[in-house]
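> Need a 3D model of the following:
(2 chains)
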Amino acid sequence: MKKLSSCLLFVLALTIVFHVAFVYFLPDIIMNYVIYRIQNDFDIPTNTVYHNEVVNSDTRKVVRPCPDLLYSGMAYDVSERPVRIMAPVPPSYWSASFFAINTDNFYVMNDRTVKGGYADVVLVKKNAPYPVPKNTTVVVAPSPRGVILFRTLIDSPSRIPLLIGYQKKARAEALDP
Amino acid sequence: MKKILIIAGCLITALVLGAASAFLAIKYTGQRGWVTNGAWRTNPSIGSENLDMYSKANVALISLMSLNRSEAVYYYAETDDNGAPLTAACVYRIEGGDIDARWWSVTVYGSDQYLIKNGENRFSFNRAILRDGRSSRYTVRLSSTSRIGNWIPTGDEKRLYLFLRIYNPGSEVLKNPASVRLPRIIKEGCR
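Residues are numbered from 1 along each chain as shown, chains lettered A, B, ... in the order given. Model prediction:
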């Protein structure tokens, strides 16, 4: 009887540990899976912006795709070197949202907040010395790895070619540390 | 040997119970904070960094990489205004006016949460619908068969899901997510 009680207590304690660990780390697991898919399924290296086509009913990579948006994205890794992200801002709603490995949206900029019509951001890791190229915005990433998602609103089908032209100019490059 | 088997059994049991209870807790506690507005539901905490671990896990599962509220507010509907599940077996009339925001759009998804294949390549409507008419109000029909006027084909989907995205929402949307005027979803009939 004593052995059974000990066993049950052991299982209960472990269950609580596993429960908390699952809940706490689930966002990290999901984001790591997203990064894995970007790198392997989409075959896009880290710190490289990829550009999706206009979505339609054949778009099956992500659930609930928005047909009114052009999506671009990148998996970033600033553990070794800072990354510079550059994008011209289109004449439509546009945003770039930065997500940490725990899915926190730690930084966002849009076409109204970017000065001069050109976004130029240097993403750096916490507590690391970094170079600051002139006229850039420095953003500190709370985690060395994560994802950046660019959204461009298609406000009229006739403007799709123009907006794609802007979309495809977004790029990123790792800087010397 | 027997001791090892017992410990392994305890570990596997704890792992299964821990995972199952975690998913149930995420599912049910993740319902906290949701706001209802007619047939539409939204969670104002989506995109926020200040979430408890259950809400954060729930958002990661259902709304990964959503924008924060100053950038976008998301509503979804899976029923009509009377609470009946949306299905392609019925025709719906969506009525509304402009929303206090820079831009908004309503997209229709099928049972699998993807866009519904159709020859018209028509999946959504957005604020531009108001530019096309002289009125400040619009009507759009969801129907599996062709309709006169604005309509979105629904194929033969058993369930339909509507997603309303509001970009750069105004103060009315941010302050009153439960009472701001949103599109109505009215069932007109079923086959």
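
> tell me the contacts of the closest residue to B:Y138 other than its chain neighbours?
Spatially, and ignoring its direct neighbours in sequence, B:Y138 is nearest to B:I129 (4.8 Å; C-beta to C-beta, 6 or more residues apart in numbering or on different chains). Bear in mind the C-beta positions are built from the backbone N, C-alpha and C, glycine included. For B:I129, the contacting residues are B:138, B:140, B:150, by C-beta atoms under 8 Å, 6 or more residues apart in numbering or on different chains.

> Need the nearest residue in space to the last one, chain neighbours excluded.
Spelled out, it's B:N150. B:V140 is the one closest to B:N150 (C-beta to C-beta, 6+ apart), at 4.3 Å.

> Which strand residues bridge that neighbour?
For B:V140, the beta-bridge partners are B:I94 (DSSP bridges).

> Show me where the chain has its strands.
Just going to use chain A. A:50-51, A:69-77, A:83-88, A:94-100, A:105-110, A:118-125, A:137-141, A:145-153, A:171-174 (DSSP state E).

> switch to chain B, that's the one I care about
Secondary structure of chain B (DSSP E): strands at B:35-37, B:40-42, B:72-77, B:90-97, B:101-109, B:124-126, B:137-143, B:151-153, B:161-169, B:184-190.

> confidence score at the residue most central in space within chain B?
Residue closest to the average C-alpha location in chain B (C-alpha atoms, centre = their mean): B:Y76, at 2.2 Å. Per-residue confidence (pLDDT) for B:Y76: 93.

> In space, what's closest to it - neighbours in sequence excluded?
Counting by C-beta to C-beta, 6+ apart, B:Y76 lies nearest to B:F163, which is 5.2 Å off, once chain neighbours are set aside.

> Let me see the contact set for that neighbour.
Contact criterion C-beta under 8 Å, 6+ apart gives A:64, A:66, B:74-76, B:106-107, B:109 as the residues in contact with B:F163.

> What is the nearest of those residues to B:W40?
B:Y75 (4.1 Å; C-beta to C-beta).

> Name the nearest residue to the residue nearest the centre of chain A, ignoring sequence neighbours.
In chain A, the C-alpha nearest the mean C-alpha coordinate belongs to A:V147, at 1.9 Å (C-alpha atoms, centre = their mean). Computed as C-beta to C-beta, 6+ apart, the closest residue to A:V147 that is not its neighbour in sequence is A:F99, at 4.8 Å.

> Same question for B:V59.
The shortest distance from B:V59 to any residue that is not its chain neighbour, by C-beta to C-beta, 6+ apart, is 5.6 Å, and that residue is B:I46.

> what do you get for B:V108?
Using C-beta to C-beta, 6+ apart and skipping the chain neighbours, the partner closest in space to B:V108 is B:I152 (5.2 Å).

> give me the number of residues near the one you found?
The number of residues packed around B:I152, counting by other C-beta atoms under 10 Å in any protein chain shown, is 23.

> Okay, and the beta partners of it?
Legend: beta-bridge partners of B:I152 under DSSP bridges are B:L142.

> Could I get the pLDDT score of whichever residue of chain A sits closest to chain B?
Ranking the residues of chain A by distance to chain B (C-beta to the nearest C-beta) places A:F18 first, at 2.5 Å. Residue-level confidence at A:F18 comes out at 90, pLDDT.

> Next, give phi and psi for A:S143.
Backbone geometry at A:S143, expressed as degrees, to the nearest 10, gives phi -130, psi 150.

> got a list of what it touches?
Shown here is A:S143, whose contacts under the criterion C-beta under 8 Å, 6+ apart are A:100-102.

> cool, and A:R37?
Listed by C-beta under 8 Å, 6+ apart, the contact set of A:R37 reads A:K61.

> Repeat that for B:Y75.
B:37, B:40-42, B:163-164, B:166, B:182.

> before we move on, the earlier item: residues contacting the residue nearest to B:V108?
Taking C-beta under 8 Å, 6+ apart, one finds B:108, B:122-125, B:140-143 in contact with B:I152.

> Low-confidence stretches in chain B?
B:132-134 (pLDDT under 70).

> The top helix by length along it - contacts with which helices or strands?
Here the longest helix in chain B is taken by residue count, with DSSP state H as the criterion, and it is helix B:2-29. Here helix B:2-29 is seen to pack against helix A:2-40, helix B:53-62 when contacts are counted using 3 or more C-beta pairs under 8 Å, 6 or more residues apart in numbering or on different chains; DSSP states H and E.

> Let me know the angle separating that helix from helix B:53-62.
Taking axes from the mean of the first three to the mean of the last three C-alpha atoms, to 10 degrees, one finds that helix B:2-29 is oriented at 80 degrees with respect to helix B:53-62.
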